Every structure is written in structure tokens, then in C-alpha cells.
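Trainee: mind looking at a prediction? Sequence and model below.
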Amino acid sequence: MSKHGRVLVAMSGGIDSSVAAVMLHEQGYEVIGMTMKTWDYAGAGGSKKETGCCSLDSINDAREIAVNLGFPHYILDIREEFGDSVIDHFTDEYLAGRTPNPCVLCNTHIKWDALLRRADKLDCEWIATGHYANVREENSRFVLSKGIDENKDQSYALWGVSQESLSRTMLPLGHLRKSEIRQMATDRGFHALVNKSESYEICFIPDNDYRGFLKRRVPGLSEQVAGGEYVLLDGTVVGTHEGYPFYTIGQRRGLGIALGFPAFVVEIQKDKNRVVLGNLEDLARNGAWVSKLNMVKYENLLDTTMQSVTKIRYNDDGSSAKIQQIGDKMKVDFDINVSAITPGQAAVFYEGDDVIGGGWIESSYIV
């Protein structure tokens, strides 16, 4: 074994995870590559070719890097547990009138656990990924923080990683910018990686048609929910919609209704199969309840109120808010109104660049 130790690297076949593996190999670690097969899109009835981290091309790209550098590479089939957890959760959340974030769930509850189990079998001390984030030990806690490339930071997607998992996690790209990663790949002759397009779709919905996916996943769904009412905030019925699972808070496009003003989805009433419409101002809220917490920087914030910057979606810049842990939930009071707080999405709390913790948005309110 290398004097630096053995590390299992999650390799999707993309430039980021490939360069992470190359970096650790060059630093003297004994690298083992692992590509996870999470989903077989060909069997899902979609209209687009399989792409992204689950495709055969991506698996072959990852293996080619490993062969070129002389370290082992394995494929880990986690389709069953991925389907049981991520796909079922995705479907159940839409049927509950919420909007899920499957990538966060997959990262924190499927991929890390699967990697650590395989790392133990392969006698690996560490696991590593190509995420743009950092982890350090401080005050007996393992603290997750933002990557220095603000445009690529992925700490939001990792809030759910447990302390035990963080204690064995290496994130080699956290101190680098995307431009530096591209240059490193170019310098080493990995030109195909540099020119490879990056996928931003949900891996099991590469055509971005989540409505079609739900219809295939739940036979008869369209018939069950069709003809629900569009209503205004005062309850006035203004039309009919295709069914509440096919809409999300803040949605403007694809409503199929003209009201004489730009209309947005401001509320989903699952029990009544109603979709409430309003204007942009009606989306404003200044508070939220967040549940199923994972605390990162601090063990808990019980009986404490502290200032944070809270992100309510991946591309959110974050908003200043006071957070207070009450039992197993976080009460979030924003200093100014924020738009389209969406149940089912993740809320992540920051202190500077450090992740305080995060959880799933349960509800929002306005005072």
C-alpha cells in the first residue's frame, strides 16, 4: 500500500472526477476507481439517449483513465437501492404536492453510503469525489465548506453527508477553479475530457420531461388527477389544469392559461387537486420550517438563535436569515422576503463559507 494510503475515487467519467483521481494518483495515493451504475434509462421508456454518469460511454471513459494511469477500476451496480430510495422518493414527493431534489438525496444517502461500504471491503481509508467543496476538521467536527470557485461550488448538494462519512472524505477540487481543472486535463493529454459536454439533467430524466416520467412511473396518473381547478388566492376558479403533481411553486411556463397578467404557481393544494395562481409578489415569503436536519459545523443549535445565509435552491445566492432549532426542526426567519420557497427542496444554512447544516423545506409562511 502507498505511504499516503488507499483511496476509493468515485469516477463518473466526466472531467471533474477524472482529474480528482489523477491528482490523487500523482500525489502518491493508491487509487482505486469506482463508477456507480445508478439507473438504466433505456428501460424507462424515455425519448432521449442515455447520457451522463449512468451511460455506457461514461463508464468506458472512467475505465480508460484508470487503465492509462495503471490503477484498478470497478463498476458498482446500485440500481436497486437507487430505485428504492431516490426514484420512489422522487415520485412520492410529487404525488404529495412537493418538488423533490433527487440529486441531493442521491449524493448524501446513496452514493456516499455505497462508496463507504465498498471502501471497507477494499481496505480503503478514504473515499474521494470530484465535487467543488472542501472539508476540514475543527473542534472535533468535520466541517463542509464552499469550494473557491463560486460558479461551481457544490456544497449545497452535500449538506446531508454525515459526520462519519465526512471524516473519511477527500475533495481534491475544492481549492481549484474549473479553468484550472480544464488546464490540468489538457496538460495531461486528456483532450476528450476537456471537450466533453457536461450534463445538468437529472440522470434518470435526461429528456427533462418529469411529467412524462411520472406518467410512466404511475400508470393511470393522468386520468386520476386531470381536470383539477386553477384558482386565485381568493378562491376564484379561473380554469382547469392537468393535475397537481405536474406543477411546482414558482412555475410560470406551461400553465396553459391566460389571465391578463403574468401568472405563477404560488401554492399546490394536493387534497383538493387545486393549483393556486398569483402574481410574482404573491410568491414572497419571509419564513420557513425545515425538517429532517443534518447538522454539520455544530452538533445542534437548540436554544440558540444565530444569523446565517440560507440557500433555498441550488442556484440561489442565499439570503440573510435568523435560524433557530426547535426540537428536530429549524425555524428560518429571513431578513427580507424571498421568492418561491418550495416544499421538498433543500435549505442549507451557511456561516461564511461553512455549512452549518441543512434539511428539507417543509412549509413556508409570511408574517
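Mentor: The structure has been received and is ready for your questions.

Trainee: now tell me what touches the helix or strand bottoming out on mean pLDDT in the chain from outside.
Mentor: Lowest by mean pLDDT, DSSP states H and E among the helices and strands of the chain is helix 191-195, with a mean of 83. Contacts to helix 191-195, defined as Cβ atoms under 8 Å, 6 or more residues apart in numbering, come from residues Gly14, Ile15, Ser18, Val19, Asp61, Arg182, Ala185, Thr186. Glycine gets a C-beta too; all of them are placed from N, C-alpha and C.

Trainee: one more: stretch 65-84?
Mentor: Under the contact criterion Cβ under 8 Å, 6+ apart, stretch 65-84 has outside partners 11, 18, 21-22, 25, 30-40, 59, 62-63, 106, 110-111, 114, 118, 190.

Trainee: go again with 6 Å.
Mentor: Outside stretch 65-84, the residues within contact range by Cβ atoms under 6 Å, 6 or more residues apart in numbering are 18, 25, 31-38, 63, 110, 114, 118.

Trainee: looking at the residues you listed, which are in strands?
Mentor: Val31, Ile32, Gly33, Met34, Thr35, Met36, Lys37 (DSSP state E).

Trainee: just the strands in the stretch 151-300 of the chain please.
Mentor: Listed in chain order, the strands of the stretch 151-300 of the chain (DSSP state E, counting those that start in this stretch) span 169-170, 228-232, 237-241, 264-269, 274-278, 284-295.

Trainee: which helices and strands does the shortest one pack with?
Mentor: I take that to be strand 169-170. Where contact means 3 or more Cβ pairs under 6 Å, 6 or more residues apart in numbering; DSSP states H and E, strand 169-170 is packed against strand 126-128.

Trainee: quick one: the helices in the stretch 51-200 of the chain?
Mentor: 56-69, 79-82, 88-95, 102-105, 112-121, 163-166, 178-187, 191-195 (DSSP state H, counting those that start in this stretch).

Trainee: mind checking these for the one nearest to Val290?
Mentor: helix 102-105 (13.2 Å; Cβ to Cβ).

Trainee: give the rounded mean pLDDT of that closest one.
Mentor: For helix 102-105, the mean pLDDT works out to 88.

Trainee: now that helix: buried residues?
Mentor: The neighbour-count check on helix 102-105 (16 or more other Cβ atoms under 10 Å) flags Pro102, Cys103, Val104, Leu105 as buried.

Trainee: about what we covered before: would you list the helices of the stretch 51-200 of the chain in TSV and tack on distance to Arg216?
Mentor: Shown next, in TSV, are the helices of the stretch 51-200 of the chain (distance: least, Cβ to Cβ, whole Å):
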stretch	distance to Arg216
helix 56-69	22
helix 79-82	17
helix 88-95	10
helix 102-105	16
helix 112-121	26
helix 163-166	33
helix 178-187	35
helix 191-195	33
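
Trainee: quick check: which of those is nearest to Val225?
Mentor: Nearest of those to Val225, taken as Cβ to Cβ: helix 88-95 at 9.0 Å.
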